[in-house]
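Chemist: Task: produce atomic coordinates for the following.
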Amino acid sequence: MNTILIVDDEKNTREGLRLSLEDEFDVYVSSNIKGAKDVLENESINVLVTDLRLGSEDGMELIELSLKMPQPPISIMMTAYGSVDTAVEAMKRGAYHFVTKPLNIDQLEILIKRALKNRSLKEENTQLKKQVQKKFTISNILGQSPAMQPVFETIEQVANSKATVLIDGENGTGKELVAKAIHNLSGRPKSKLITVHCAALSPQLLESELFGHEKGAFTGATEKRIGRFEQADGGTLFLDEIGEVDSSTQVKLLRVLGERTIERVGGNKTIKIDVRLVAATNKNIPELVSKGDFREDLYYRLNVVKITLPPLRKRSEDIPLLANAFLKEFAKENNKPLKNLSADAMRSLIAHKWPGNVRELRTAIEHGVVMSNGAKITLRHLPAALCGEDSIVLQNSIKSNEKDSEKFNLASMESKLIANALIHTNENRTEAAKLLGISRRTLQRKLKES
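Modeler: Got it, this is the predicted structure:
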């Protein structure tokens, strides 16, 4: 049952309202702001109905006070001093509505029920939007395919913990985005997220990068350096390509995970750290362990929670969602009026195997945006790998229900010839016209017509 707080310094008014409303609502009453505040702080109140004049106190002050509550009630102002100015002022300050005395109880009850219904609908819509957003995206990771839902669920489940997370998957699947999502959804979103690409550094440089070094620790160490673990203290450290770390650094990482302390290279001072560690790899770590290339005990320390990202070819349902998001991003970045992809272009994207995964798709859409001058990206604007013979064969298999009359349509064949000529000449229209045996002006005209 919904709860209502009636605040009026006139006893007859507040008791009369209590008797009229208590059959359908749990009703609380108060004669002043102090008593009303006590009720608001200790009870879950859905609707606040307060008089404008509460003796020497101002009912608007109570409305403003209620709006600061974690779950503010719907506020309705009562007054015998009704005027348009008073009503506007009350609603500006957050009141849902305004009623004048003497009160019409039936009208007030209808108003309360309508207010509660509107709030319920808003809450349902908000919840629905959250569910839709949760289904399709989480912290800039897009996906509606069944393969991505376990990824989203694990990210949300693990984010607020301190557990170490190991992310594996092919190159270009978005492992760094997952690390950022875990950090953003954790209790440390305002702290630092520090990223280290382990494969980009030699063993000595990686050790110094992670743990820092003291002045004179080695040749060239002309001053003290604070390492990435110290920089990430209180936040998250993301170690990308953890499978490339050498055995010496693996030993040090094992100690950090076990003791939560580090020592700078060339130093003997033990430094305590509070760092959430997230690691990623495109290698099969258990296979490296079996070969003796990766420490088994470190693997178990890293693999508290594993998130495996599916390759794009296993989540083809997400390609239109991703492609349109990238299209919007790059169209804005390049100040182009692009709105969508043609049907042929989209079929080509879906048919492609995507060895480079989401990263390759992103690059393909950027290429298409740059090469297009119209309102949409067509097949001829995409990279050559998506427009060659293999792609056309795949598209034809997708369009297996296409009528023979359409397959042998002269205009369609001409468009494909022009597209292939442009691909062959790397979009050089003069050379493409020569290849087709037509003038450049004729080619320009045909492109405008297509």
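Chemist: can we go C-alpha only for contacts and neighbour counts from here?
Modeler: Will do.
Chemist: Tell me the helices and strands packed up against the helix or strand harbouring residue 367.
Modeler: Assessed by DSSP states H and E, residue 367 sits inside helix 357-371. If you count contacts as 3 or more CA pairs under 8 Å, 6 or more residues apart in numbering; DSSP states H and E, helix 357-371 packs onto helix 319-333.
Chemist: Which positions in the helix it packs on come out as buried?
Modeler: For helix 319-333, a neighbour-count test (16 or more other CA atoms under 10 Å) marks 319, 320, 322, 323, 324, 326, 327, 328, 330, 331 as buried.
Chemist: Check the offset of it from the chain's centre.
Modeler: A distance of 15 Å separates the centroid of the chain from that of helix 319-333, by CA atoms, centre = their mean, to the nearest Å.
Chemist: tally of neighbours for residue 58?
Modeler: By the other CA atoms under 10 Å criterion, the neighbourhood of residue 58 contains 15 residues.
Chemist: For the closest residue to it other than its chain neighbours, give me its contacts.
Modeler: Distances taken as CA to CA, 6 or more residues apart in numbering place residue 52 nearest to residue 58, at 6.0 Å, with adjacent residues excluded. Residues in contact with residue 52 (CA atoms under 8 Å, 6 or more residues apart in numbering) are 58, 59, 60, 77, 78, 79.
Chemist: which two in the buried residues of helix 319-333 are spaced the farthest apart?
Modeler: Distance extremes for the buried residues of helix 319-333: the farthest pair is 319 and 331 at 17.6 Å, using CA to CA.
Chemist: from the contacts of residue 52, which is closest to residue 117?
Modeler: Nearest to residue 117, judged by CA to CA, of the contacts of residue 52 is residue 77 at 18.4 Å.
Chemist: Report how many residues lie close to that closest one.
Modeler: Per other CA under 10 Å, the neighbour tally for residue 77 reads 24.
Chemist: Look at it and tell me its secondary structure.
Modeler: Following DSSP: H, G, I helix; E, B strand; the rest coil, residue 77 is assigned to strand.
Chemist: Correct me if wrong: it contacts residue 90.
Modeler: Yes. The criterion here is CA atoms under 8 Å, and residue 77 meets it with residue 90 at 7.0 Å.
Chemist: overlap in contacts of those two?
Modeler: Counting by CA under 8 Å, 6+ apart, the residues touching both residue 77 and residue 90 are 97, 98.
Chemist: how close does residue 277 sit to residue 196?
Modeler: Distance, residue 277 to residue 196, using CA to CA, to the nearest Å: 11 Å.
Chemist: More neighbours: which of those two?
Modeler: Neighbour comparison, residue 277 and residue 196: the larger count goes to residue 277, with 24 against 18 (by other CA under 10 Å).
Chemist: what's the pLDDT at the more buried one?
Modeler: Each residue has a pLDDT score; the one for residue 277 is 96.
Chemist: just residue 142 next, same as before
Modeler: Confidence score, pLDDT, at residue 142: 86.
Chemist: State the phi and psi torsions of it.
Modeler: Torsion angles at residue 142 (phi, psi; degrees, to the nearest 10) stand at phi -100, psi 140.
Chemist: Check residue 73 too.
Modeler: Per degrees, to the nearest 10, the backbone of residue 73 is at phi -80, psi 160.
Chemist: Repeat that for residue 191.
Modeler: Dihedral pair for residue 191: phi -90, psi -180, per degrees, to the nearest 10.
Chemist: Can you report how many residues lie near the nearest residue to it once chain neighbours are set aside?
Modeler: Nearest residue to residue 191, sequence neighbours excluded (CA to CA, 6+ apart): residue 235, at 5.0 Å. Neighbours of residue 235 under the rule other CA under 10 Å: 23.
Chemist: Repeat that for the one 10 residues further on.
Modeler: Look at residue 245: counted by other CA under 10 Å, it has 21 neighbours.
Chemist: Now do the same contact list for the residue nearest to it when sequence neighbours are not counted.
Modeler: Spatial nearest neighbour of residue 245, chain neighbours left out: residue 198 (6.4 Å); criterion: CA to CA, 6+ apart. Shown in contact with residue 198 (CA under 8 Å, 6+ apart): 206, 239, 240, 241, 242, 244, 245.
Chemist: Find the helix or strand that the first one is a member of.
Modeler: Under DSSP H and E, the secondary-structure element containing residue 206 is helix 203-211.
Chemist: My read is that residue 229 contacts residue 276, right?
Modeler: No. Look at residue 229 against residue 276 with CA under 8 Å: they stay out of range, at 9.7 Å.
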